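> have a look; sequence and predicted model below, questions after that.
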Amino acid sequence: MPLTVVNCPICSTKVEWKDEALFKPFCSERCKLIDLGDWASEKHAIPVKNSIDPDMLDDIGFDEGDFFKD
């Protein structure tokens, strides 16, 4: 079976994809923690589409204040 090699998402170091690679896809705990910090500080985010269309609310007699609180 051919060995799979990936680049660390933080520093681009080559990482062999095997059981012994404890931090895969990262090359080290340091790079893993940098990535975790980026997610925690919202540097990375998964885009989410608002499930309620504000324009649709006008059509049925509601305004955004009925659903969205500041």
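Perfect, I can see it now. The model shown is predicted, which means the values in this text are computed figures rather than measured ones.
> residue ranges of the helices in this structure, please?
29-40, 54-60 (DSSP state H).
> considering those helices, which stretch scores lowest in mean pLDDT?
Least confident of these, judged by mean pLDDT, is helix 54-60 with a mean of 67.
> what is the least confident helix or strand in this structure?
helix 54-60 (a mean of 67; mean pLDDT, DSSP states H and E).
> what stretches of the chain score poorly on pLDDT?
54-70 (pLDDT under 70).
> if we use 80, what do you get?
Applying pLDDT under 80 to the chain picks out residues 1, 49-70.
> list the buried residues for stretch 15-28?
Buried positions in stretch 15-28, judged by neighbour count with 16 or more other C-beta atoms under 10 Å: V15, K24, F26, C27. C-beta here means a position set from N, CA and C on the backbone, and glycine is covered the same way.
> wait, the first one sits on S28?
The reference is to V15. No. Counting by C-beta atoms under 8 Å, V15 stays clear of S28, with 9.3 Å between them.
> between these two, what contacts are shared?
Taking C-beta atoms under 8 Å, 6 or more residues apart in numbering as the contact rule, V15 and S28 both touch C8.
> just to revisit the earlier point, and the buried residues of stretch 15-28, which is closest to E42?
Of all the buried residues of stretch 15-28, E42 sits closest to F26, with 19.7 Å by C-beta to C-beta.
> beta partners for V6?
V15 (DSSP bridges).
> I figured it hits V15, correct?
Yes. Counting by C-beta under 8 Å, V15 is a contact partner of V6 at 5.3 Å.
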